[in-house]
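K.L.:
Below are the sequence and a predicted model; questions follow.
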Amino acid sequence: MDIIFYHPTFDANHWISLLQRQLPQARIREWRSGDNGPADYALVWHPPVEMLRGRTGLKAVFALGAGVDSILSKLKKDPDLLPAGVPLFRLEDTGMAEQMQEYAVSQVLHWFRRFDDYQALKLQAKWEPLADYEREDFTIGILGAGVLGGKVAESLVGWGFPVRCWSRSHKNYSGVKSFAGREELSAFANNTRVLINLLPNTPETVGIINSELVNQLADNAYVLNLARGVHLVEDDLLTALDSGKLKGAMLDVFSREPLPAESPLWRHPRVAITPHVAAVTRPAQAVEFISSTIIQLDKGQHPTGQVDLQRGY
Ligand SMILES: NC(=O)C1=CN([C@@H]2O[C@H](COP(=O)(O)OP(=O)(O)OC[C@H]3O[C@@H](n4cnc5c(N)ncnc54)[C@H](OP(=O)(O)O)[C@@H]3O)[C@@H](O)[C@H]2O)C=CC1
Ligand SMILES: O=CC(=O)O
């Protein structure tokens, strides 16, 4: 079995040695421009078109992340990016769910315990105990209830918050109220105090966090965007923060990354920012998932993780 690997920034030697341990029989190499040698599987992130063009003999391509929007948007512009008929797989969890849980739980607790207010008071040297928030007034609404959204929901249920989720199809997560489809989006938003986004970037989800949605949230609501910048209409967010509808926002992802220095988001006192680090690819866990998927494919089985190219996730 031949495997080719390409990532613009990852340490290819490290990945190849991890893969080799899991798949000792495989011949694994870093792909470089001009390499037209044999390949059964390709592991990629932002692959050059030349890498996969015409490789119809591939058994699968693996994206080295959870979101495949960058690959699918390039594919629209250049159909040679992925050989027709070859399945595309993405990383399912591989350590990202735990990171998303840490991020979401810590930020929800930060807002729930009013650390944002205490930080503002501290800057004025004011000693002022504030009234506690009640959990029943702190409904958490999670947009996207898949691999990552489902796990984040589970962890927030564990902290005793009322949790609801919104997805394409209804879910049956313990302690979580499920809403599905556009027709239930308003009911989902109504009374949501903390809106967490874990949707994939598809034509249906772009711009979903806009004035219309935000105005349906509870008053003094918060937005936590962990998925993709294009989901959020940044001007609508700033308007809602300035009008007082929203109390705060924490953003990990932006429509332009790195976020340009002139963006007003950097300077807004109630916006917190991290540089797209909510959940990073963990090589050892990713390699375990990819190797096990390869073994299942080689046995003619149907592993999970295949991207539906029509649906876009
Ligand atoms: N900031 C970061 O560091 C990272 C961000 N991400 C982002 O998180 C996203 C989610 O990842 P993951 O949980 O693995 O993805 P999944 O594919 O497992 O889950 C996606 C969820 O979104 C729902 N969904 C998709 N389209 C719609 C729609 N049109 N209407 C309603 N619901 C919809 C799906 O519904 P259904 O279940 O019914 O199909 C599913 O519940 C990734 O696509 C990526 O963009 C991922 C990793 C790191
Ligand atoms: O944003 C990261 C990903 O894996 O998707």
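P.N.:
Done, it's in. Residues are numbered from 1 along each chain as shown. Ligands and ions are numbered 1, 2, ... in the order given.
K.L.:
how long is stretch 41-49 from one end to the other?
P.N.:
End-to-end distance for stretch 41-49, by Cα to Cα, to the nearest Å: 16 Å.
K.L.:
Actually, stretch 223-239.
P.N.:
Distance across stretch 223-239, first residue to last, is 13 Å (Cα to Cα).
K.L.:
Give me every residue in the stretch 1-150 of the chain lying close to ligand 1.
P.N.:
When proximity is defined as Cβ under 6 Å from any ligand atom, the stretch 1-150 of the chain approaches ligand 1 at 66-67, 96, 144-149. (Glycine included, C-beta is placed from N, CA and C.)
K.L.:
Among those, which one sits closest to ligand 1?
P.N.:
Checking these against ligand 1 by Cβ to the nearest ligand atom gives Gly146 as the nearest, at 1.8 Å.
K.L.:
out of the residues of the stretch 1-150 of the chain next to ligand 1, which touch ligand 2?
P.N.:
66-67.
K.L.:
I'd like the residues of the stretch 1-150 of the chain next to ligand 1 written out as CSV, with neighbour count and secondary structure added.
P.N.:
Below are those laid out as CSV (neighbours: other Cβ atoms under 10 Å; DSSP: H, G, I helix; E, B strand; the rest coil):
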residue, neighbour count, secondary structure
Ala66, 24, coil
Gly67, 18, coil
Met96, 22, helix
Gly144, 25, coil
Ala145, 26, coil
Gly146, 18, coil
Val147, 19, helix
Leu148, 27, helix
Gly149, 27, helix
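K.L.:
Could I get the residues of the stretch 1-150 of the chain next to ligand 1 in CSV, plus columns for pLDDT and distance to Leu198?
P.N.:
Compiled in CSV, these are given as follows (pLDDT from 0 to 100; distance: Cβ to Cβ, whole Å):
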residue, pLDDT, distance to Leu198
Ala66, 98, 10
Gly67, 98, 10
Met96, 98, 10
Gly144, 98, 4
Ala145, 98, 8
Gly146, 98, 7
Val147, 98, 9
Leu148, 98, 5
Gly149, 98, 4
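K.L.:
Name the surrounding residues that touch the helix or strand harbouring Leu18.
P.N.:
Leu18 belongs to helix 12-22 when assigned by DSSP states H and E. Contact partners of helix 12-22, identified using Cβ atoms under 8 Å, 6 or more residues apart in numbering, comprise 3, 5-7, 26, 28-30, 43, 283-284, 287-288, 290-291.
K.L.:
switch the cut-off to 7 Å
P.N.:
Contact with helix 12-22 is made by 3, 5, 28, 30, 283-284, 287-288, 291, as judged by Cβ atoms under 7 Å, 6 or more residues apart in numbering.
K.L.:
and if you look at stretch 131-148?
P.N.:
For stretch 131-148, the external contacting residues (Cβ under 7 Å, 6+ apart) are 66, 92-93, 96-97, 100, 108, 112, 114, 149, 152-153, 156, 160-167, 171, 188-189, 191-199, 208, 227.
K.L.:
Span of that stretch from start to end?
P.N.:
Using Cα to Cα, one end of stretch 131-148 lies 33 Å from the other.
K.L.:
Could you double-check that Ala26 lies in contact with Ile4?
P.N.:
No. Contact criterion Cβ atoms under 7 Å: Ala26 and Ile4 do not qualify, at 10.8 Å.
K.L.:
quick one: which of the two has more around it?
P.N.:
Taking other Cβ atoms under 10 Å, Ala26 and Ile4 do not tie; Ile4 has more neighbours (25 against 17).
K.L.:
and the residue nearest the centre of the chain, what is it in contact with?
P.N.:
By Cα atoms, centre = their mean, the chain has its centre lying nearest to Ala227, at 3.7 Å. For Ala227, the contact set (Cβ under 7 Å, 6+ apart) comprises 144, 197-199, 253.
K.L.:
returning to that earlier point: just the contacts of stretch 131-148: which are in strands?
P.N.:
Of the contacts of stretch 131-148, the ones assigned to strands by DSSP state E are 163-167, 194-197.
K.L.:
now, the most widely separated pair of those residues?
P.N.:
Within the ones in strands among the contacts of stretch 131-148, two members stand farthest from each other by Cβ to Cβ: Ser167 and Val194, at 17.4 Å.
K.L.:
For those two, indicate the residue with more neighbours.
P.N.:
Set Ser167 next to Val194 and count neighbours by other Cβ under 10 Å: Val194 wins out with 26 against 21.
K.L.:
what is the more buried one paired to in the beta sheet?
P.N.:
Counting by DSSP bridges, Val194 forms beta bridges with Ile140, Tyr222.
K.L.:
Just the element for the residue lying closest to Ala189 once chain neighbours are set aside, please.
P.N.:
Nearest residue to Ala189 in three dimensions, chain neighbours excluded: Gln216, at 3.9 Å (Cβ to Cβ, 6 or more residues apart in numbering). Assigned by DSSP H and E, Gln216 belongs to no helix or strand.
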